[in-house]
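[1] Take a look and give me a structure for this.
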Amino acid sequence: MCSGQKALFIVYSSFVLLQLRLFFITTMVVQVKSNSQNFSKSMDGNQHKVEANVLLLGAENVGKSALTVRFLTRRFIGEYGDIESIYSHIDKIDGREISFNIWDSLYPQSCETTESISEKQLQWADGVILVYSICDRSSFEVIRQQVQLIRQMGKLSASVPIIIVGNKRDLQHQRAVSSEEGRLFALSADCSFFEISAAETYHGVLLVFHELLELIKESRALKKGVAGIKGIVRSVSAVFGKKRE
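    Residues are numbered from 1 along each chain as shown. From the prediction side, this is the model:
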C-alpha cells in the first residue's frame, strides 16, 4: 500500500470512528431523556389527586354538621338548620392532594331507621362516619341500627369502611354512653372508633378523617387485589378449558 493510500485509509478510519462515537453519544442522550421523561411521568402519577367520598350518618343534634364544618374550616359553630349538603374540601397529606367530598346527611324524624340510608348514598360513599352523642343514648341506638342496615345491604356495602364517632366528649357530666360501650360495639361491628369533642378541638376531628382515608385506601387496594386474582383464575380456567376440549 502506497503512502497516499495509507493516508486515505487513516482518514477514512478516523471518520468511521467519529461516526460511531457520535452514534453512541446520541443513543445515550436519547436514553437519558427517555429515562428522565419516564421518571417525571412516574412522579406525576404519584402526585395525582386522590378523591374520597365520605358519608356522615347519625341522628339529629349529635354534631354531624359541627364535625364537618370543623374539618372544613377549623372553626366550631354550634347551631345549624336542617339542611342536607355535600361539601368539597382539598387537604394535603404526605405531599399529596386529597379531595374530600362530604355528604352531611339528615336523619328523617318521621321515618324508621331502616329508611334513613339509601342505596344511592352507599353507592356514592367510599367510607362512612357514624356519629352519636355521648349524652344521648337514643342516638347511640340509632347508629347501632344503621350499622346493621349498612351490613345488610350486601354488595353495596361489603367493603365500605366505617368509623363510629362518639361526639360531645366535653360534656362528661351529661354522659349517657360510656367510652367502653362505644368501643366494644365498634369492635363487634368491625368498625374503627373515636371519641371526640368537635367543640373543643380540631385535632380529634382531623384524626377521624385521616383514619377514614387510610381505610378507604386499604379497601381500594384490596378490591384491586381481588380483581387481579379473579382475572388470573379466569385466564387459567380458560387455558385448561381449551386443553380439555
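
[2] quick one, domains of this protein?
    Each domain of the chain is listed here as a residue range: 1-40, 50-225, per automatic domain parsing.

[3] Let me have those in a markdown table, adding mean pLDDT and mean neighbour count as columns.
    To be clear about C-beta, it is placed using only N, CA and C from the backbone, and glycine gets the same treatment. Output for the domains of the chain, formatted as a markdown table (pLDDT from 0 to 100; neighbours: other Cβ atoms under 10 Å):
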| stretch | mean pLDDT | mean neighbour count |
| --- | --- | --- |
| domain 1-40 | 51 | 10 |
| domain 50-225 | 91 | 17 |
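
[4] residue ranges of the strands in the protein, please?
    Secondary structure of the chain (DSSP state E): strands at 50-57, 85-93, 96-104, 127-133, 162-167, 192-195.

[5] which residues sit against the shortest one?
    So that's strand 192-195. Contacts to strand 192-195, defined as Cβ atoms under 8 Å, 6 or more residues apart in numbering, come from residues 134, 161-166, 169, 179, 182-183, 186-187, 204, 207-208, 211-212, 215.

[6] That strand pairs with which strands, parallel or anti?
    Taking DSSP bridges as the criterion, strand 192-195 pairs within the sheet with strand 162-167 (parallel).

[7] In PDB, list the C-alpha atoms belonging to the strand it pairs with.
    Written as PDB, here are the backbone C-alpha positions of strand 162-167 (Å, rounded to 0.1, in the frame of the first residue of the first chain):
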ATOM      1  CA  ILE A 162     -67.000   2.600  58.800                       C
ATOM      2  CA  ILE A 163     -65.800   4.800  61.700                       C
ATOM      3  CA  ILE A 164     -68.000   5.200  64.700                       C
ATOM      4  CA  VAL A 165     -67.600   8.600  66.400                       C
ATOM      5  CA  GLY A 166     -68.900   9.500  69.900                       C
ATOM      6  CA  ASN A 167     -69.100  13.300  69.900                       C
END
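
[8] ok and it relative to strand 50-57, angle-wise?
    Comparing the axes of strand 162-167 and strand 50-57 via axes from the mean of the first three to the mean of the last three Cα atoms, to 10 degrees yields an angle of 60 degrees.

[9] and for strand 162-167, what are the contacting residues?
    By Cβ under 8 Å, 6+ apart, the list of residues contacting strand 162-167 from outside reads 62-63, 66-67, 127-134, 140, 143, 147, 150, 177, 179, 182, 185-186, 189-198, 208, 211-212, 215.

[10] what do you get if the cut-off is 6 Å, keeping everything else the same?
    The list of residues contacting strand 162-167 from outside it, by Cβ atoms under 6 Å, 6 or more residues apart in numbering, reads 62-63, 128-134, 182, 186, 191-195, 198, 208, 212.

[11] Over to stretch 80-87?
    Contacts with stretch 80-87, where a contact means Cβ under 6 Å, 6+ apart, come from Ser65, Leu72, Ile102, Trp103, Asp104, Ser105, Leu106.

[12] of all the strands of the chain, which lies closest to Ser219?
    Of all these, it is strand 127-133 that lies closest to Ser219, at 7.7 Å by Cβ to Cβ.

[13] any idea of the angle the closest one forms with strand 50-57?
    Strand 127-133 and strand 50-57 meet at an angle of 30 degrees, taking the same axes, to 10 degrees as the criterion.
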